[in-house]
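Student: task: produce atomic coordinates for the following.
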Amino acid sequence: MPPVRNGIPNRGEEDEVCPVCKSSRYLNPSMRFLINPECYHKMCESCVDRIFSSGPANCPVAGCNKTLRKNRFRTQTFEDINVEREVDIRRRVMQILNRREEEFASKRAYDDFLEQREEIIMNLVTGIDVAKTEKDLQTYASENVASIRSNQALEREEASSFQEQQTFEKEQARLRRQAARQEYEDERREMLAGQEDVLRRLAAGKRDDAAAIAREGQKVLLKKSSARRSEEDRIRQKQAALRSSDAKKSGKAVTASQATGDTGLVKGLKKIKTPEPEKPYSPFAGFTTKRDYYTLRDFYPSSYLEPIRNDTRMQAGGFDLGEYYSRTLLEAFAGLGCFIGDEVSKRDPTSTLGISKPATEGAAMAAVSTSIANEETA
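Tutor: I've put the predicted structure just below:
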């Protein structure tokens, strides 16, 4: 079992000695080690400044020929370097494969996507088909730039919203504690004031009135406390209704990001339906407004309209005789383009003006039989 130093197990001198300059943390306690995500080889900060300050260079560790840059070096977060590497790979893959559940056609398709993403992560971590996996990731990233950026923006909005919600809840909790303290102080103050009032009335009253004064003081305190509790219940109900309405609005506000259908890497996405182009706006629902049967004039002689034409009170209200002329003539000539015979024949080819053929034959037979009966009677 490795020795323990300050509650942290010491993994030996390999973690305490720089592989480049062989400096030891034992001799230099302020030494700070850095790692680069390209190869995850640890080296001290002074070696990083000395080797990579002039520009990119090969890793100085024996057997590693990867080109490193100074701006990529950072402090190690986890003690185990394998965990550090897996976390970086997982973060990078999840930034690319950041599809959301609402983008998939079914829950099963989303679960298959999650399984596929974990398989890609494990291939990169364990070194299985690394070249092919990296190529697939790069191809997917280049083909789905818009959806990746959209989902990243949604994640940032959700994180910001969550942070704001946490801050709001903390503030509400602080206000509730403050209101509870204030309520306790008010109740205590009212109780003391009620007791003082009862004592003052007892001191100024008679001995026989003591029980009545005590009962009256108790009733006043109970009435105040019940009114305060009813007001608190009303405020709580109002706050609960506001929270539920906010939750419904936030749930409806979540929208799916831009999906482009199945890609070469991700399957089961919803198909995008291209909306039909909007038709030009028609205020009469597609009906023609051409005036083929009349010509609109600016003036029509009328004994009824002449007083209105010269009445400033009517004109001040926005009345326009031109609009009246146009509407009246349109209503008068609206039925000239409607031919009932053609419409009835389209609905029922065997009918003529709404009278079906069997009904016509029956009426003719009834008329003939009636005429015969009349002749026999005569």
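Student: got a list of what Gln76 touches?
Tutor: 33-35, 42, 84 (Cβ atoms under 8 Å, 6 or more residues apart in numbering). C-beta coordinates here come from the backbone N, C-alpha and C atoms, glycine included.
Student: repeat that for Val125.
Tutor: If you count contacts by Cβ under 8 Å, 6+ apart, then Val125 has 85-86, 89 around it.
Student: buried subset of the residues you listed?
Tutor: 85-86, 89 (16 or more other Cβ atoms under 10 Å).
Student: now, those that are in helices?
Tutor: 85-86, 89 (DSSP state H).
Student: ok, back up a step: which one of the contacts of Gln76 has the most neighbours?
Tutor: Most neighbours among the contacts of Gln76, by other Cβ atoms under 10 Å: Ile35, with 21 neighbours.
Student: ok, it to Phe73 distance?
Tutor: To Phe73, Ile35 is 7 Å away according to Cβ to Cβ, to the nearest Å.
Student: kindly report the same for Ala316.
Tutor: With the distance defined as Cβ to Cβ, Ala316 ends up 80 Å from Phe73.
Student: looking at those two, which is more packed in?
Tutor: Phe73 (18 against 8).
Student: between the ones in helices among the buried ones among the contacts of Val125, which sits nearest Asp112?
Tutor: Ile89 (20.8 Å; Cβ to Cβ).
Student: residue contacts, the closest one?
Tutor: 121, 124-125.
Student: against Asp129, how distant is it?
Tutor: 14 Å.
Student: okay, the residue lying closest to Arg108 once chain neighbours are set aside: pLDDT?
Tutor: Closest residue to Arg108 apart from its sequence neighbours, by Cβ to Cβ, 6 or more residues apart in numbering: Gly268 at 7.6 Å. Gly268 carries a pLDDT score of 76 in this model.
Student: just Ile120 next, same as before
Tutor: 92.
Student: and Asn58, what are its phi and psi?
Tutor: With angles defined as degrees, to the nearest 10, Asn58 sits at phi -70, psi 150.
Student: can you show me the helices along the stretch 51-200 of the chain?
Tutor: 81-96, 107-126, 130-143, 145-204 (DSSP state H, counting those that start in this stretch).
Student: export those helices to CSV and tack on distance to Lys238?
Tutor: Formatted as CSV, the helices of the stretch 51-200 of the chain follow (distance: least, Cβ to Cβ, whole Å):
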stretch, distance to Lys238
helix 81-96, 41
helix 107-126, 37
helix 130-143, 49
helix 145-204, 14
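Student: which of these has the lowest average pLDDT?
Tutor: For those, where the average pLDDT is lowest is helix 145-204, sitting at a mean of 84.
Student: who is Phe33 paired with across the strands?
Tutor: Cys44 (DSSP bridges).
Student: contact partners for Asn65?
Tutor: 58-59.
Student: also the one 4 residues further on?
Tutor: Listed by Cβ under 8 Å, 6+ apart, the contact partners of Arg69 are 36, 52, 56.
Student: can we see that at 6 Å?
Tutor: Pro56 (Cβ atoms under 6 Å, 6 or more residues apart in numbering).
Student: same deal with Lys279?
Tutor: Counted by Cβ under 6 Å, 6+ apart, Lys279 has zero contacts.
Student: gap between Val17 and Lys42?
Tutor: Val17 is 10 Å from Lys42, by Cβ to Cβ.
Student: can you check Tyr304 too?
Tutor: 101 Å.
Student: show the pLDDT at Asn144.
Tutor: 88.
Student: can you check Cys64 too?
Tutor: So, for Cys64, pLDDT stands at 85.
Student: ok, so of the contacts of Ile89, who is nearest Glu102?
Tutor: Distances from Glu102 to these, taken by Cβ to Cβ, are shortest for Ile121, at 22.7 Å.
Student: tally of neighbours for the closest one?
Tutor: The burial count for Ile121: 19, using other Cβ under 10 Å.
Student: please renumber the chain so that the first residue is 37 from this point on.
Tutor: Sure, I'll start numbering at 37, so the last one becomes Ile157.
Student: identify the residues contacting it.
Tutor: Taking Cβ under 6 Å, 6+ apart, one finds 126, 129 in contact with Ile157.
Student: check the gap between it and Asp124 for me.
Tutor: From Ile157 to Asp124 the distance is 11 Å (Cβ to Cβ).
Student: now do Cys100 against Met130, distance only.
Tutor: 27 Å.
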